[in-house]
Every structure is written in structure tokens, then in C-alpha cells.
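A.B. asks: For reference, the sequence and a predicted model appear below.
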Amino acid sequence: MKFTTAASILLPLITTSTAFTPAAFISKSNNLKCFEKNSGCLATSDLSSDVKRSWSLSMSTETEAEAATTESETYEFQAEVGRVMDIIINSLYSDRDVFLRELVSNAADACDKKRFLSITADSSESAAAEPEIKIKSDKTNQKLIIEDSGVGMTRQELINNLGNIAQSGTKKFLEALGENKQNINLIGQFGVGFYSSFLVADKVRVVTKSMTDGKVYSWESDATGGSYTISEVEDDPFESNSGTRLEMTLKEDAFEYMEADKLGNLLTKYSEFIEFPISLWKEKTEYESVPDVEANKELKEGEEAKMKTVPKTVEGFELMNTQKPIWLRSPKDVTEEEYKEFYKTAFKMGYDEKMAHTHFSLEGSVECKALLYVPGMLPFELSKDMFDENASNLRLYVKRVFINDKFDEMIPRWLKFIKGVVDSDDLPLNVGREILQKSKVLNIIRKRLIKKSLDMINEITKDEDESKYIMFWNNFGKYLKVGVVEDDLHRFEIAPLLRFFSSSSEEEYRSLEDYEGDMKEGQKSIYYITADSKAKASKSPILEKVTSKGYEVLYMVEPLDEICVQSLARFRDYDLVDITKEGLDIGEDEEKEESKKTVEKLNEEFKPVLEYMETLLGGKIKKATMTTLLKSSPAALVQGEYGMSPSMQKYMKAQSVALGDSSMPMGNMNQAVLELNPENPIVKDLQRMVEMEQNEKENFGMLIYDVAAMTSGYEIEDTGDFATRVMKLMNSEAVADEADDEVKDAEIVE
């Protein structure tokens, strides 16, 4: 007997697209109408008196032998259906662990349908026992059994829901409910979820009993013979009035799924928030006190018998889903203690206290519920790699069912440290529920997650305890800097959250808002300096260019700082200016013009000195010039407008070495500009030496460059030469010139 299928719709989508929406699975067949008499979907009016009794679920401890059957019929798969099934089994899911998620989700749907139909039937039905799901492995027969006390299926429903590969019984059920669908919470949206069982099983048998007629049917297929068999079972294995048992004969390479620990881990990962009880058959060790026979041999009358503790192995069902999905509740109904407990248990953060949380929902064209946390400390997995791909902090759920925690599109990587859950039915997932597709819905949710995360962080800044945000900044400040660099849309929202040390407050952080509030009258820019540390920044000769005028300077002491402020470029009405760059303009326009003219005169006056230094330092500097901004230091090295700071040069060099390339040509970026202070006596001494052609001028000029390089943050290329120059300055006879050595060698030769 042939059956209808949606393969004609599914197959082109699989072969032409890597991901597609659940709408692709809705069968176009009109010969199956839900809620008609005996159609396979149950209407309230169809409930018989047999259904109106208390329901309970039990599972036998041994796999039952196949019962005697009647009216057995075999249905052949059409050729294209077999091909689609092969794709589903071998290509649809990248991780076969998800089979348990899919099958438990289907079982939860069946339980939810039963509960809904029971409530709408009459009061006696609503008083029935809550449906539940039980899972047990049968190692003797290499089987895994999943049983639920849900709504069950009729013969026609077995054909419709299991025989048609793209037929979604859940989808049909929701369509039939119409306006009442807000009263039921169904997970399954994909008609192929059942076939994930063949990822781990060679053969699948479904035994089911429907609430509609009370008959028990068996569905069997091995997915390779091109057919499936449906037969009526005379023996009723269910104690409740309905239910479904799924028996999977596992493949040889899937025997691990008979281990209770493996199953328990998967249930905790994927299904810990399922509404209905999920119990797993486990073997565990208990300890009991018994009389110690040996110790009691010489027990005297009236003395208390001595006891000992012995281990005892017991088997039984253990409830796996004890967690409650508090994100589905209204925020006003959740206490602070519940938020704290959920954070510690759901994210295994028992040693940490959350710093902040936000609980919100989206309604309208996009529906979404989310609960986000700011950790109290940096998660361990991010301590070595701030963007560790294996760090799973944001989890995506669809109606309590865990889908994935590696959807990078959900939230930008600069918020990688945020922990939380997002639950939405509107996200465009592929058929395997493993790939998140880009869409307007995703963009809306992403924007809201970013906004709520920034709101959380802003709330921390307003806390009366200022140390709270300092702790946050020390742990997660680098992520916000990355946000400034990478997120054009939110760059200026992140800027007020940045913190830096400065020349006026070396031990306390300063925000850009703090800086702006303390700016001097007439100051037109925000000034900063790049260095390897606070100590080096505070001792840089370049710093006195600005601080001498009473202006505050922010310290950028990490390579990321420099990239961050360059990306920001401006804070509100003020440009961010790097004082280590050539051509620094400070003061009013008239003052700048006067300073420019003064520098031109000084350059002319010290022209011989500048020319000598440019010749002496050829290849080391771009040029030499005089400056009026230095006050106490004789010289300083600054970079050109597009040059790279010394700290950035060191970072780039270290990166090249780490990648196996020790040679990193810097070109002109490594050639700084030497600025000389005309008022400094050392520079005046150099001027005298140059004019009088003294021999000491070379050593003196090189020392001026070395000192300027070191204090400006650059490295001395040849420390040996530097040491020689210093010793020669201390005592000219301490180190002999190479020329003198050559003369002595020549005298020895006869």
C-alpha cells in the first residue's frame, strides 16, 4: 500500500539549500483532515467513557516479547522517500547525540496534548495523573526504550505521522486548535524528528495506544528494507489509558547510549527544563547500617549491638529534570534568591555570585523570553582565550528544549562573557535545529540582547559601591574595548563605560565623562599617551608637553587601548588626540600660530645640529626638529601621523614571532621624529660640539637619541653599543676606540 509524502517538497530544498524553515515540511496533501472522525487527530467530542479514568505510567523491567498481532499490513516506501530518509539519517544532523533531544521532545508533545485534551474533556479527566516520560536501556537485547504516557496514536496517525517523512503531527494539531493554541505548549515543529532515531538504531519499533479507541498498534521499520509494518497488538503493555513506547535496537557503534551516565548527561544538557517528569532507569549505590556479626560475637548482655555500613546496589528510576525554567515566568514573580540559585545551578557557577541580571520578553511580531547575567568573575574557559569557541555562555532554547549554545549570530563576541538563556519559537533554524539562519527576526533579538546587556552594565556603574564596577572592569573591560573596535552601531554607547588611568589620577580609574567634566577652560581635545605601563607613561618626556599647560592625559597602557581610542576617535564634542604623534597642537589658534613661527626660527638657528643628527641617525629617524613643548627633557621621539606607537610595534613583533615569523619589516612606521628642546643645556652642549667640530659630538648625539628612545617607550637595538657610549662618557679612557685598536695592531706587525 502506497502512502502520501512531502518528499517532493523536501528534497529540492535539501539539495538546493543548506538550511530551511519548518514551513518546508507542511504536507500539501488534502486527503488527511485533522479532527475528522477516525482521522488520527482527536477531537474533544470523540472522547469515550473509557478515557475518563486516572492515568498512570509504568514500564516493565524487561523488554517484552512481541505480542500476538492481527490485521498486519506492510506499507512500501516510495523510491524518493527512501532517498530522503537516507539524507535524514546520514546528513541532516551533525551530532547524533541530538536524537535523544528529538525523541524526548516528541514524547513531551504527546504528554502536552494529552493534558490539554484531558482538561478540555471534563473535571474527572483533569484530575488524572500528570503524564510523564521514562527512559530505560536493555543491555541484554541492545535496546534503548523511551516511553511516555501521552496521547498515543491510532493506526491512521501512525501512517500520517511516522509513514510520511515530512508530516508534522504537532503542526497539524496546532492548526486544528486555532484560537485555542495559546493554551498548549508544543515543542515539536519538525516532522523528521522521529527519524533521528535511525542515527543510532538499526531497527525501530513503536508500540502505541491512543486515547481515541484504546487499541494498541505496533509500527516497525529498519529504514533499509524500503517498508514499514503496522499491526494491531492484542496484549496491552500500558497501565494508563494511552501512551507510546519507542524501542530502538542500537547499532554496534551506538552502544554507549545504553549507559546511564551518557543518557543522564544528554538529558541534563537538552531536556532539563522539559515540563513533564523525565525519569531514567539507573543503577546506584546506597549505604545501609547492618549489625557487625564479627564485632558482636563477644557482645555481653545489655550492651548495644555494633553496626557497620555496607554498600548496596539498587536499581530504579531517577528524576532527571528538577530545574525550573524561571525565564518563562513573569519577572515580578521571581525572587532575587531564585535568580541567584538559577545562575549557580544552571551554569555550574556555584563558586561565583552574579554581578547583575536582566529578565525580559519580546512580544508582537517577534516573541522571545530571555534571562541574562553578568558573572561576578571571569569564567575559567575565557581566562586563557577571551573568545574561546568552546565557551558556551548563551544558550538557545525552543519551548524549554535546549537547541545549541554556539550560535555566534545571537550576540556579538564582545559580549562573550554574558551568560544566559534565550527562548524563542520564531528563530529560523534549519531542519536539524543546529544552524541558525540570518533573518530580520534574528536581528531584532540580537539588538535587544545587546541593549539589555548594556543596560545591565550601566546599572553596575550606578551602584553605590564603586568597587563593584572596578571589579567588572578588571574582569571584562577588554571586551568593551573590543566592542568599540568592532561594533560601529554601539561604539558611542560603549564609550562612557571605558575606564583608564591618567596623569591626574594614576591609582584610580577615570572615565571619559570624568575627563570631560574636569577639562580646562578653552581645552578643545582629550589627550592620551600610549605606553607599556603606567610607570613608563608617567615618566615619558612627551607627557610634559601637555601637563605643563595643566591638561590631563589618559594613559593607554595596552595595545588594545590604542586600537580602541583610534576607532573611537571622538567622544561627544571632543577629538581624542595622541600626544605621541608629530605636530601636536595645543592652545588657542593665535598661540598655535605663534608657536609655529617660533619653531621655524629655532629650526633655522639649530640647522647644523638638526642636519648632523639626521646624518648620524640615518635609518633610525625620519627627521629631527626643534620643539617648544618640552620643558625639562632634552629630547623625545614621536611618531608621524600614521606611525605605529612603540608599544604597538612591540605587540606586532611578538605576534609575528608567535606565528613563526621573527622578521617583521616595519618600514617607515618604525622611523620616529626626533624632537629637541632648545632650552635644555644638553642640547646647547651638542650645538657647541657640532659648531666646534669636537670628537665627542658623535657619542654625545647618540646618547641623546638613546635616552629619548628609552624614555619615549622604544627599545635600544644594540645594548652593547649603548653601554660603550655610557662608559666612554664616564671616562674617555675606559673604552678604547676601534680606530686606536687598529693603529696598535698595525704597529705590532713587522
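C.D. replies: Ah, there it is.
A.B. asks: What segments of the stretch 351-500 of the chain are strands?
C.D. replies: 356-362, 368-374, 394-398, 401-404, 419-423, 500-502 (DSSP state E, counting those that start in this stretch).
A.B. asks: Nearest to Met710, out of the ones you listed?
C.D. replies: Of all the strands of the stretch 351-500 of the chain, it is strand 500-502 that lies closest to Met710, at 21.2 Å by CB to CB. Glycine gets a C-beta too; all of them are placed from N, C-alpha and C.
A.B. asks: so what strands line up beside the closest one?
C.D. replies: strand 505-510 (antiparallel), strand 553-556 (antiparallel) (DSSP bridges).
A.B. asks: Show me how far it is from its chain's centre.
C.D. replies: 29 Å (CA atoms, centre = their mean, to the nearest Å).
A.B. asks: among the strands paired with strand 500-502, which is the most enclosed?
C.D. replies: strand 553-556 (a mean of 26; mean count of other CB atoms under 10 Å).
A.B. asks: Let's test this: mean pLDDT of whichever helix or strand comes after it, rounded?
C.D. replies: Sequence-wise, the next helix or strand downstream of strand 553-556 (DSSP states H and E) is helix 559-568. Across helix 559-568, the average pLDDT comes to 90.
A.B. asks: Who are the packing partners of the following helix or strand past helix 559-568?
C.D. replies: With elements assigned by DSSP H and E, the helix or strand that comes after helix 559-568 is strand 570-571. Packing partners of strand 570-571 (3 or more CB pairs under 8 Å, 6 or more residues apart in numbering; DSSP states H and E): none among the helices and strands.
A.B. asks: Return the set of residues that bridge with the nearest residue to Asp423 once chain neighbours are set aside.
C.D. replies: Leaving aside its sequence neighbours, Asp423 sits nearest to Tyr397 (CB to CB, 6 or more residues apart in numbering; 4.3 Å). Listed by DSSP bridges, the beta-bridge partners for Tyr397 are Phe402, Asp423.
A.B. asks: Please shift the residue numbers so they start at 11 in all later answers.
C.D. replies: Will do, 11 is the new start, and the previous item becomes Tyr407.
A.B. asks: Just list the residues touching Tyr407, thanks.
C.D. replies: Phe283, Pro335, Ile413, Val431, Val432, Asp433 (CB atoms under 8 Å, 6 or more residues apart in numbering).
A.B. asks: can you check Glu157 too?
C.D. replies: So, once contact is read as CB under 8 Å, 6+ apart, Glu157 ends up touching Leu67, Met69, Ala117, Ile143, Lys144, Ile145, Lys146, Gly253, Thr254, Arg255, Leu256.
A.B. asks: re earlier: could you report the distance from the residue nearest to Asp433 to Gly274?
C.D. replies: Noted for Tyr407: a distance of 19 Å to Gly274, by CB to CB, to the nearest Å.
A.B. asks: go on, Glu516?
C.D. replies: 54 Å.
A.B. asks: what's the answer for Lys149, then?
C.D. replies: 16 Å.
A.B. asks: Have a look at the two and say which one is more surrounded.
C.D. replies: Gly274 (15 against 11; other CB atoms under 10 Å).
A.B. asks: Name all residues that make contact with the more buried one.
C.D. replies: Gly274 sits in contact with Leu290, Lys292, Met330, where contact means CB under 8 Å, 6+ apart.
A.B. asks: if you set the cut-off to 10 Å instead, what comes out?
C.D. replies: With contact taken as CB atoms under 10 Å, 6 or more residues apart in numbering, Gly274 is in contact with Ile145, Leu290, Lys292, Glu328, Met330.
A.B. asks: Those residues in strands, which ones?
C.D. replies: Ile145, Leu290, Lys292, Glu328 (DSSP state E).
A.B. asks: By neighbours, which of those residues wins?
C.D. replies: Ile145 (28 neighbours).
A.B. asks: residue boundaries of the helices in the stretch 561-710 of the chain?
C.D. replies: Along the stretch 561-710 of the chain, counting by DSSP state H, counting those that start in this stretch, helices occupy 569-578, 599-615, 617-626, 656-668, 691-701, 707-721.
A.B. asks: looking at those, which has the lowest confidence?
C.D. replies: Across the helices of the stretch 561-710 of the chain, helix 656-668 gives the lowest mean pLDDT, at a mean of 73.
A.B. asks: Can you name the residues bridging to Glu685?
C.D. replies: Where Glu685 sits in a bridge, its partners, by DSSP bridges, are Thr635, Ala646.
A.B. asks: what about it, neighbour count?
C.D. replies: By other CB under 10 Å, neighbour count at Glu685 equals 27.
A.B. asks: ok, so what distance separates it from Leu713?
C.D. replies: Distance from Glu685 to Leu713, by CB to CB: 16 Å.
A.B. asks: Quick one: end-to-end length of stretch 139-156, please.
C.D. replies: Length of stretch 139-156, first residue to last, CA to CA, to the nearest Å: 19 Å.
A.B. asks: That stretch: which residues count as buried?
C.D. replies: 141-148, 152-156 (16 or more other CB atoms under 10 Å).
A.B. asks: picking up where we left off before, and the residue nearest to Asp433, how close does it get to Ser281?
C.D. replies: From Tyr407 to Ser281 the distance is 10 Å (CB to CB).
A.B. asks: repeat for Leu290
C.D. replies: In terms of CB to CB, Leu290 sits 11 Å off from Ser281.
A.B. asks: any residues in contact with both of the two?
C.D. replies: Common neighbours of Leu290 and Ser281 (CB under 10 Å, 6+ apart) are Ile143, Ile145, Met330, Asn331.
A.B. asks: mind listing which of those are in helices?
C.D. replies: Here DSSP state H is the test, and the shared contacts of Leu290 and Ser281 give no hits in helices at all.
A.B. asks: of all those, which two lie farthest apart?
C.D. replies: Ile145 and Asn331 (11.4 Å).
A.B. asks: residues shared between the contacts of these two?
C.D. replies: Val114, Leu277, Ser281, Ile288, Ser289, Leu290.
A.B. asks: what about the third one, how many residues close to it?
C.D. replies: Neighbourhood size, Ser281 [other CB under 10 Å]: 25.
A.B. asks: which residue packs closest to it, ignoring adjacent ones?
C.D. replies: Val114 (4.8 Å).
A.B. asks: which element is that neighbour on?
C.D. replies: helix 108-131.
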